[in-house]
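> structure of the sequence below:
(chains A and B)
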Amino acid sequence: MTLAALLDPGLLAALLGGTFLGIVAGAVPGLTATLAIALLLPVTYQLSATNAIVMMTGIFTGGIYGGSIAAITLRIPGAPASAMTMLDGNAMAMKGRAEVAIGLATFSSFVGGIVGGVVLVLFAPQLARVALTFQSPEMFSLVLLALVAIATATQGSLVKSMAATVIGLMLSTVGIDPLLPAPRFTFGSVNFLVGVPLLPVVIGLFAVAELFRRVGQPLVAPGEVAPIRFDRVFAFWPEAKRVGWKLFGKSSAIGTLVGALPGAGAAMAAFLAYSEAKRSSGHPERFGTGIPEGIVAPETANNAMTGGALIPMLAFGIPGDAVTAVILGGLMIHGIVPGPRLFSESAELIAPLFMAYFLSYFVILVFGLALLPLYARITSVDHAILFPLIGAVAMVAAFVAERTAFAMYLTVAIGVLGYVLQRYGYPVIPVLMGLILGPMLESNFRRALIVSDGDPMIFLTSPVSALLLVVVVVFLAYFGSLGRRPATGAEAS
Amino acid sequence: MVHRDVASGGTLVAVAVAYFLGTRGMPVGQGEPGPAFLPVVLAVALFVLGFATLVGGMRAAQTETEGTEEGPRPEARKAWLTIGLTIGYVWLFDPLGFMLSTLAYTFGVTALFQRERSRLLYVVPPLCTLAIYLFFRVGLGARLPGGPFG
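Numbers count the residues shown, from 1 in each chain, chains lettered A, B, ... in the order given. Prediction:
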């Protein structure tokens, strides 16, 4: 495939349309890139294989980026991966610097995505081999590190953060045991046999809980609506330069490496990058108050992850998370069969994917910066207009995703849980991460012990696993020694 | 008034005990951890964390002066009203259909958010309903319940 092929109107339309749809899906609270791809998959059947692959790639990359817009402007992450961006992004927006926050998120997404893509193209087979060395002990230790990292990275009481993580892990135990056909906490209901579905939890914890939280806040008169200022499009640039390329590079590396690990996902990449940025910062106490580093780290990482996640997906057919799982299904429908020989024998199908991947990030940069002043205006919209829409969209999205009223009731219940947790000072991001990472944590732990005949030393005899566990201890000791951290967000209100 | 950490910590302890009791009957596993392993570990962890929060709350309550008794704050009342509205919306979503139930729900939520009655109350609900319909039904091709009108 050559650059001249981009002149094909059909391909260009698929690229632009897919990326734009992905951004919208990621940005609308209640929707996610996963749902968008699942709903738009039948549309791709009408397209040629090349155009379908280009469109799905655009939805994937656009969706990961789009989640940051709602996270920054509404404090509702459009995707789990944007939950960390929400902390500093929304805090910065509330200080009247929404253009800077969105600009930083857009630029960071671009940098991370391009770096991830370069690694994908140059090192996919080698990284795939490294990823294969991560067996159950290493994966368990990595997941444990991610959970500890998120519990220590969120503001407020460490005890409450850990309790929230445990609550998320408890939700993940609902359903059929991952290794044996034994039901757990299903209460005899078929609805719980498949476990707690992720989408209603994301919608409930953030969109619905945020609706309950905002309606309960004291009414304030709206401030003057800021005019749309296109001269502020590049207002983020001085902050990006001040942050420095070291943070961009480190976060890109974390995102790409985590993305290359089968089953890891964008959320883990964002959390680890944020935690590492905070740990290595000269002022960790300022994270969560609206500093640029708190936006750059997670957004660079979760977009670098998109390149890394394509490696195990294409090399082994192992998706990194729900989004890549749906994409994998779509790619297989259009004739791409994952495997080691894919890169050598099916280059004519892989080339459009790689090209679309890189180009989608240029589209994201242009769309993102061009529409930045409009996004920033979202913070000025009257809540009486915004939140009825958000509430209804969230509930309809839950219904559309799962096609059952049970999903809607579950969304409300999780929304109530999220609202109550935040009222009492418990963060909700660890709940989400516990739900997402719980199955990986448990299955890898038990598989490791099965392999070692019950000997727990397997976690220490593996050098990588031992190193990761040491880092866990370091995180706990370091953040535990910081004592009570300043509250922010719901706690502060 | 009970300090909020005492209330939340006590609740976590109760949840941990209930969750632990829910592991009865689960296979424990022989040699290697079984399905009950992680739930038991989590129940113990939540018990410990909840107890720590409870104790911290009791200590904090001892250092705070007694305040006058208050009822639920107006802000919390509105939140619970919204919760009730949302549950009602879900309950009526299928029997009433998307259009009617969404109109009613957005009307109620708009009213709760407004500082004083304005034309928004009559403009926002139909516009929201139409926008959501266009997005999901027309844009994404998703099927929505029609209710009594099909």
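> in the stretch 251-400 of chain A, which spans are helices?
Here the stretch 251-400 of chain A has its helices, by DSSP state H, counting those that start in this stretch, at A:266-279, A:293-316, A:322-333, A:342-345, A:347-370, A:372-377, A:383-402.
> among these, which is the most enclosed?
helix A:293-316 (a mean of 31; mean count of other CB atoms under 10 Å in any protein chain shown). C-betas here are computed from N, CA, C, even on glycine.
> tell me the mean pLDDT over that one?
On average, the pLDDT along helix A:293-316 is 85.
> now for the longest helix belonging to chain B, which elements pack on it?
Across chain B, the longest stretch assigned as helix under DSSP state H is helix B:74-113. If you count contacts as 3 or more CB pairs under 8 Å, 6 or more residues apart in numbering or on different chains; DSSP states H and E, helix B:74-113 packs onto helix A:209-215, helix A:383-402, helix A:405-423, helix B:120-133.
> buried set for it?
By neighbour count, with 16 or more other CB atoms under 10 Å in any protein chain shown as the criterion, the buried positions of helix B:74-113 are B:78-79, B:81-83, B:85-86, B:89-90, B:92-94, B:96-113.
> between that helix and helix A:383-402, how big is the angle?
Put simply, helix B:74-113 runs at 90 degrees to helix A:383-402, going by axes from the mean of the first three to the mean of the last three CA atoms, to 10 degrees.
> and of the helices of the stretch 251-400 of chain A, who's closest to chain B?
Taking CB to the nearest CB, helix A:383-402 is the member of the helices of the stretch 251-400 of chain A nearest to chain B, at 4.0 Å.
> just want the angle from that closest one to helix B:120-133.
Using the same axes, to 10 degrees: helix A:383-402 against helix B:120-133 is 30 degrees.
> starting at the chain centroid, how far to helix A:383-402?
The chain centre lies 20 Å from the centre of helix A:383-402; the measure is CA atoms, centre = their mean, to the nearest Å.
> and it, is it in reach of chain B?
Yes. Counting by CB under 8 Å from any CB of the partner chain, chain B is contacted by helix A:383-402 at A:383-385, A:387-389, A:391-393, A:395-397, A:399-400.
> before we move on, back to that, just the angle for the longest helix of chain B relative to helix A:405-423, thanks.
Using the same axes, to 10 degrees: helix B:74-113 against helix A:405-423 is 130 degrees.
> least confident of the residues of helix A:383-402 next to chain B?
Lowest pLDDT among the residues of helix A:383-402 next to chain B: A:His383, 80.
> what sits against the residue nearest to it when sequence neighbours are not counted?
Spatial nearest neighbour of A:His383, excluding adjacent residues (CB to CB, 6 or more residues apart in numbering or on different chains): B:Phe113 at 5.1 Å. Contact analysis of B:Phe113 by CB atoms under 8 Å, 6 or more residues apart in numbering or on different chains lists A:214-215, A:383-384, A:387-388.
> go again using 10 Å as the cut-off
Going by CB atoms under 10 Å, 6 or more residues apart in numbering or on different chains, B:Phe113 touches A:211, A:214-215, A:219, A:382-388, B:78, B:82, B:120-121, B:124.
> what does B:Leu92 give?
Residues near B:Leu92 by CB under 10 Å, 6+ apart: B:100-102, B:104-105, B:147.
> check contacts around the residue nearest the centre of chain B.
Closest residue to the average C-alpha location of chain B: B:Ile83 at 7.2 Å, with CA atoms, centre = their mean. When contacts are counted by CB under 10 Å, 6+ apart, B:Ile83 touches A:208, A:211-212, A:215-216, A:412-413, A:415-416, A:419.
> could you verify my assumption that A:Arg423 touches B:Ser8?
Yes. Counting by CB atoms under 10 Å, B:Ser8 is a contact partner of A:Arg423 at 9.1 Å.
> where are the low-confidence patches of chain B?
Residue ranges of chain B with pLDDT under 70: B:1-2, B:30-31, B:64-74, B:149-150.
> could you break it into its assigned domains?
Chain B is divided into the following domains under automatic domain parsing: B:4-63, B:74-149.
> which residue packs closest to A:Ala466, ignoring adjacent ones?
Closest residue to A:Ala466 apart from its sequence neighbours, by CB to CB, 6+ apart: A:Leu460 at 4.8 Å.
> to clarify, my last question referred to A:Ala153.
In space, and not counting its chain neighbours, A:Ala153 is closest to A:Ser275: 4.4 Å by CB to CB, 6+ apart.
> would you confirm that A:Gly329 contacts A:Ile37?
Yes. With contacts counted by CB under 10 Å, A:Gly329 reaches A:Ile37, the gap being 9.1 Å.
> need the residues touching each of the two.
Common neighbours of A:Gly329 and A:Ile37 (CB under 10 Å, 6+ apart) are A:Met56.
> and A:Ser252, how far is that from A:Phe475?
Separation of A:Ser252 from A:Phe475 (CB to CB, to the nearest Å): 21 Å.
> so B:Tyr19 sits in a helix?
Yes. Under DSSP: H, G, I helix; E, B strand; the rest coil, B:Tyr19 sits within a helix.
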